[in-house]
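Student: coordinates for the following, if possible.
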Amino acid sequence: MTNAAVRVVAIVVTYHPELARLKLQLGALANQVADIVIVDNASDSDLDAWTQDLAEQSPHVIRLQRNHGIAVAQNIGIQWAREHGATHVLLMDQDSVPSDDMVDTLLAAIHVSADVAAVGPRYLDARQNAPSPFVRISWLRFKRLAWDPGQPIVHVDCLIASGSLIPMAVLDKVGPMREDLFIDYVDTEWCMRARSFGLQSFGVCNASMTHSLGEAPYFFLGRSFPVHSPLRHYYQVRNAILLNRENWVPLNWKVAMAWHLLLKIGFYSLVTTPRREHLRMMARGLWHGLRGRAGPMPL
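Tutor: Next up, the predicted model:
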């Protein structure tokens, strides 16, 4: 780490993790952060016993008795980091592996503006043929920002949670992750809420990590599309509607998200299997979102 006054704590949220990949992640993080805390959402594997063989990473493990969702786990990790003197937190999904200099690169970029909410790396899904672009709303549509060596730091509307570096002072100001969303759009909601406080998020092109987004992608007309389970599509549709109900979300973002939502429902109900189940779960998410129903999906 570049500055002794800076104390970065990595928060890794796990749910039935692939242990080999998690070990790669912890090894890559070990020399980049001051502490690592794993918050586990009631996985089958005994992470306490497993981590005893990882003395060089020495993560602290907090095991939850049931799956509370990603936002609750992140907030528990943030509180642990706060109690252990963190100046910044690094949010990580269980399947993300950072490059050796990712954290230092993010720390160097976080001073690009006095109004930084968070900075995050570009990521590469090994199943795709190019790094995923950052995204910004341009007028009424999502604009994909390709990596430009001449512009290493770009302003974005939101970042994916994994790899996001957030100052603790910003979390104190903006507040924690919204727990009733459970999963999906938790990161988007927080970034948009930070914008309502006058804070901005930035993508750092020179910082990188590998990350798997969803299940195996579906290739259609020369493009790859991330595929999630019908359950995840329920949360994505529902939570997008819940965000659109918020007064502080900008109108252009609401319009772009509404259009994107229509395309999502049409595409995944017609193209990906099981089509009927995708459509049923997305329709349920739409109905619950319009009713303002949040939390875990009712059984």
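Student: contacts and neighbour counts: CA atoms only from here.
Tutor: OK.
Student: if I look at the spatially closest residue to H16 that is not a sequence neighbour, how far off is H211?
Tutor: Nearest residue to H16, sequence neighbours excluded (CA to CA, 6 or more residues apart in numbering): S43, at 4.6 Å. Per CA to CA, to the nearest Å, S43 is found 20 Å from H211.
Student: now S45
Tutor: Per CA to CA, S45 is found 22 Å from H211.
Student: give me the more crowded residue out of those two.
Tutor: H211 (23 against 14; other CA atoms under 10 Å).
Student: need the contact list for that one.
Tutor: 95-97, 123-126 (CA atoms under 8 Å, 6 or more residues apart in numbering).
Student: same check, this time on I265
Tutor: I265 sits next to 279, 282 when contact means CA under 8 Å, 6+ apart.
Student: ok, and for stretch 258-265, which residues are buried?
Tutor: Neighbour-count burial for stretch 258-265 flags 258, 261, 264-265 (criterion: 16 or more other CA atoms under 10 Å).
Student: which of these lies closest to Q74?
Tutor: Nearest to Q74 among those, counting by CA to CA, is L261 at 26.1 Å.
Student: now H60, nearest residue through space, not along the chain?
Tutor: Leaving out its chain neighbours, the residue that sits closest to H60 by CA to CA, 6+ apart is V37, at 4.6 Å.
Student: quick one, phi psi at that neighbour?
Tutor: With angles defined as degrees, to the nearest 10, V37 sits at phi -120, psi 130.
Student: which residues does it bridge with?
Tutor: For V37, the beta-bridge partners under DSSP bridges are I11, H60.
Student: what's the burial count for it?
Tutor: For V37, the neighbour count with other CA under 10 Å is 20.
Student: got a list of what it touches?
Tutor: Neighbouring residues of V37 by CA under 8 Å, 6+ apart: 9-12, 59-62, 77, 80-81.
Student: coming back round to it: pretty sure the residue nearest to H16 is in a helix, no?
Tutor: No. Assessed with DSSP: H, G, I helix; E, B strand; the rest coil, S43 is coil; it does not lie in a helix.
Student: for this structure, name the helix or strand with the lowest mean pLDDT.
Tutor: Least confident helix or strand of the chain, by mean pLDDT, DSSP states H and E, is strand 215-220 with a mean of 67.
Student: right, and the helix or strand after that strand?
Tutor: Moving toward the C-terminus from strand 215-220, the next helix or strand (DSSP states H and E) is strand 223-227.
Student: parallel or antiparallel, list what pairs with that next one.
Tutor: Its sheet considered, strand 223-227 pairs with strand 215-220 (antiparallel) by DSSP bridges.
Student: is it correct that P59 is in contact with I38?
Tutor: Yes. Using CA atoms under 8 Å, P59 is in contact with I38, at 6.6 Å.
Student: out of these two, which sits in the more crowded spot?
Tutor: For P59 and I38, the more surrounded residue by other CA under 10 Å is I38, and the numbers stand at 25 against 20.
Student: thinking again about what came up before, can you redo the buried residues of stretch 258-265 as JSON lines with secondary structure?
Tutor: Converted to JSON lines, those look like this (three-state DSSP):
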{"residue": "A258", "secondary structure": "helix"}
{"residue": "L261", "secondary structure": "helix"}
{"residue": "K264", "secondary structure": "helix"}
{"residue": "I265", "secondary structure": "helix"}
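Student: what about the strands in the stretch 101-250 of the chain?
Tutor: Here the stretch 101-250 of the chain has its strands, by DSSP state E, counting those that start in this stretch, at 116-124, 134-138, 141-145, 153-156, 165-167, 200-210, 215-220, 223-227.
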